[in-house]
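Novice: Quick one: sequence and predicted model below, then my questions.
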Amino acid sequence: MADGGTQNGSELALPRPKRAFGRSLADLRIEGATTPNGLHPAEERLLDCAARGTECRIASVRPEKATPENTVRGEFLRFLLLGGDEDMPVHEKGVILWGAFIEGSIDLESAKDVHSFSFWRCHIGLLINGRNANFDDITLQECQLGYLIFASASISGDVLLSASRVKGQTNFERSEINGAVLLREGFEAEGEVRFLGAEINGGLNCNGAKLKNAGGRALFCDYAKVTGGVFLCDGFEAKGEVRFLGTEIGGDFACDGGSFKNARAAPSADKSEPPFAEAELNLQGATIKGTLWLGPATPPNHQQVTVEGSINLQGAHASQLVNDRKSWPVAEVTAAGDKLPCYIHLDGFTYDRFAGVTKTDWQTRTDWLKRQRPSHLGKEFRPQPFEQLVKVLREMGHEADARQIAMFKHSLLQKRKKFRMQPFAWIIGVLWGLSCGYGYRPTRLFGALLALWLACGFLYQTGAAHGGFAPKDAQVWTNADYNSACDANWTACGEVKGGKVGEIIAFNPFTYSADMLLPAIDLGQRSAWTPMWRAIKVEVPYAGEVALPAGTLRAGAWAENILGVAGVILIGAILSGIVKRD
């Protein structure tokens with residue numbers, strides 16, 4: 001088709017414009033305006049200030065209504081932020097505007113090299129659209145607007161949204177910010193604040209911010225990268241989920257003095273488990289290279305964290321953890337008339353040490369572990385949180401507390417076993433726990449063996465007094481003189497025709513008990529004496545005379561021998577490390 005020809009043989013081709021509309025001041029003249037450049041009075045003042053690089057004060061307070069004296073059109077601001085034109089260039093300092101009523105939207109989508117702008121106490125009618133655009137610094141101080149969209153934007157400086165109010169969504173999804181993001185000092189958002197996949201080469205500071213999106217996500221930062229720290233402190237409030245799933249944070253993640261509320265039931269794949277509160281603070285899979293402050297900092301800052309909902313730390317990692325009992329989630333919240341329990345999800349959560357005012361005693365840490373979902377403590381038992389805690393406590397030198405946590409883990413594992421399904425394993429588990437605290441209390445075995453030695457010693461002493469023991473030497477049994485003189489009680493038999501009874505060792509009940517208990521050590525009693533198959537009567541305090549059936553002494557000796565061998569072998573295995581406790 002030749003120049004000036006037709007399209008499809010019928011329509012004339014329109015001439016291509018030499019520039020985009022709105023890139024010349026002439027495009028923005030208002031018909032009938034009497035000002036020098038045909039603009040609103042406030043725009044005339046702003047045009048002059050932008051050329052000289054000075055701030056333009058339209059009013060000292062934020063206007064609620066548009067007037068001819070305070071109105072600045074969004075398209076006019078776009079003209080200035082893109083640098084003006086050849087006749088009206090904008091200073092390198094950008095646009096600094098106070099107290100204006102900005103009419104409509106500021107549409108900067110896909111714009112390149114947008115000048116810095118700083119709006120103070122301005123009312124912005126609809127939105128600022130900076131999607132896929134390039135910016136320098138962005139400052140909104142005490143402003144009010146509908147939406148703030150900077151998805152996929154590139155910002156070379158800081159983003160400061162201080163004491164401003166956004167009625168809709170605040171979106172920095174997949175944006176690249178080479179400075180800090182400061183949503184602080186009373187910043188309010190009534191929609192979702194999104195930093196999904198964003199890269200922030202400074203910190204994310206939301207101290208004092210108020211984020212309200214009940215039933216949804218208040219702060220959405222999944223898979224973002226923050227070079228500095230994240231601060232949700234000093235009066236920060238979130239009504240809705242605060243989510244940092246898979247986020248990389250180069251500094252601290254601080255919540256002291258923050259308030260988190262999310263009264264909503266979590267979807268559960270297990271219909272047998274009652275509903276529970278959805279995570280209000282969700283750090284699943286996040287990496288925090290600094291300290292995770294889920295509690296007050298060290299003096300003089302003692303602000304607690306308030307959480308009404310669950311906390312999800314599954315798969316997360318923090319270099320240090322500050323965790324205070326008073327900052328744990330409340331026990332339950334009420335949603336839609338139902339009471340929902342709040343849990344702390346810890347499976348896969350790793351940390352190098354506790355810090356700050358965190359208590360490391362086993363009672364506090366046991367209660368902390370108990371705040372997990374019941375299924376993670378029962379039929380779907382998750383051992384990792386226990387093993388991680390034991391590891392950290394040991395490395396910090398709290399060996400006694402670590403042992404208690406390890407025993408608590410084994411006690412929960414034991415509860416999972418059912419006698420009717422695994423009777424042998426159930427019995428072994430009970431004995432393993434009672435005898436030596438699952439290998440963490442070998443001193444219990446020493447105490448049990450000592451008690452067994454004394455109990456059997458007293459039994460043998462009583463049995464010997466009633467003729468319950470006889471010598472093992474066959475020559476004594478075949479000697480008629482010995483039999484007639486000592487058959488009633490061999491241990492009390494004296495001299496027979498001028499000689500000792502078979503020249504055997506005198507019976508000592510406690511030495512005999514030790515000989516049976518420790519078969520590897522020969523004290524001479526076990527090889528010299530044997531219990532008889534004889535019923536005996538003993539005096540029991542408060543019960544009087546009690547008859548013991550035949551074979552009681554022999555059964556006691558066998559039991560002591562078996563338990564003694566098992567106890568000694570088990571102690572050796574525990575102390576040598578053959579038995580793996582963890």
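Specialist: Structure's in. What do you need?

Novice: what ranges do the helices span in the stretch 1-150 of the chain?
Specialist: 41-52, 74-81 (DSSP state H, counting those that start in this stretch).

Novice: out of these, nearest to residue 544?
Specialist: Closest to residue 544 of the helices of the stretch 1-150 of the chain is helix 74-81 (Cβ to Cβ; 103.8 Å). In short, each C-beta sits where N, CA and C put it, glycine included.

Novice: who's in contact with that closest one?
Specialist: For helix 74-81, the external contacting residues (Cβ atoms under 8 Å, 6 or more residues apart in numbering) are 22-23, 25, 27-28, 39-40, 43, 46-47, 50, 85, 90, 94-95, 97, 102-108, 111, 114-115, 117, 124-126.

Novice: Which segments of the protein make up each domain?
Specialist: For the chain, the domain assignment from automatic domain parsing gives the residue ranges 146-332, 442-570.

Novice: circling back to that earlier point, just name the most buried of the helices of the stretch 1-150 of the chain.
Specialist: Mean neighbour count (mean count of other Cβ atoms under 10 Å) peaks for helix 74-81 among the helices of the stretch 1-150 of the chain, with a mean of 23.

Novice: Let me have the domains of the chain in JSON lines, extended by mean neighbour count.
Specialist: Output for those, formatted as JSON lines (neighbours: other Cβ atoms under 10 Å):
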{"stretch": "domain 146-332", "mean neighbour count": "21"}
{"stretch": "domain 442-570", "mean neighbour count": "16"}
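
Novice: residue ranges of the helices in the protein, please?
Specialist: Along the chain, counting by DSSP state H, helices occupy 41-52, 74-81, 362-370, 374-377, 384-395, 399-416, 423-436, 442-465, 474-478, 480-486, 509-517, 525-528, 552-576.

Novice: among these, which gets the worst mean confidence?
Specialist: Lowest mean pLDDT within the helices of the chain: helix 423-436, at a mean of 58.

Novice: returning to that earlier point: for the helices of the chain, which one sits closest to residue 263?
Specialist: Nearest of those (Cβ to Cβ): helix 374-377, 20.1 Å.

Novice: Which positions within that closest one qualify as buried?
Specialist: Residues 376-377 are the ones in helix 374-377 that count as buried (16 or more other Cβ atoms under 10 Å).

Novice: could you dump it to PDB, C-alpha only?
Specialist: C-alpha atoms of helix 374-377 as PDB (Å, rounded to 0.1, in the frame of the first residue of the first chain):
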ATOM      1  CA  PRO A 374      -2.800 -32.300  68.200                       C
ATOM      2  CA  SER A 375      -2.300 -34.500  65.100                       C
ATOM      3  CA  HIS A 376       1.300 -33.400  65.000                       C
ATOM      4  CA  LEU A 377       1.700 -34.700  68.600                       C
END
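
Novice: Does anything pack onto it? Which helices or strands?
Specialist: The helices and strands touching helix 374-377, judged by 3 or more Cβ pairs under 8 Å, 6 or more residues apart in numbering; DSSP states H and E, number zero.

Novice: who's in contact with that helix?
Specialist: Here helix 374-377 has contacts from 270, 273, 345-347, 369-370, 382, 412, using Cβ under 8 Å, 6+ apart.

Novice: one more time with 7 Å, if that's ok
Specialist: Helix 374-377 has contacts (Cβ atoms under 7 Å, 6 or more residues apart in numbering) with 270, 273, 347, 382, 412.

Novice: Now the second one: closest residue in space that isn't a chain neighbour?
Specialist: Once flanking residues are discounted, residue 273 sits nearest to residue 375: 5.5 Å by Cβ to Cβ, 6 or more residues apart in numbering.

Novice: Can you lay out the helices of the chain as a markdown table showing distance to residue 190?
Specialist: Putting these into a markdown table (distance: least, Cβ to Cβ, whole Å) gives the following:
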| stretch | distance to residue 190 |
| --- | --- |
| helix 41-52 | 28 |
| helix 74-81 | 21 |
| helix 362-370 | 35 |
| helix 374-377 | 35 |
| helix 384-395 | 37 |
| helix 399-416 | 44 |
| helix 423-436 | 55 |
| helix 442-465 | 60 |
| helix 474-478 | 100 |
| helix 480-486 | 101 |
| helix 509-517 | 76 |
| helix 525-528 | 86 |
| helix 552-576 | 61 |
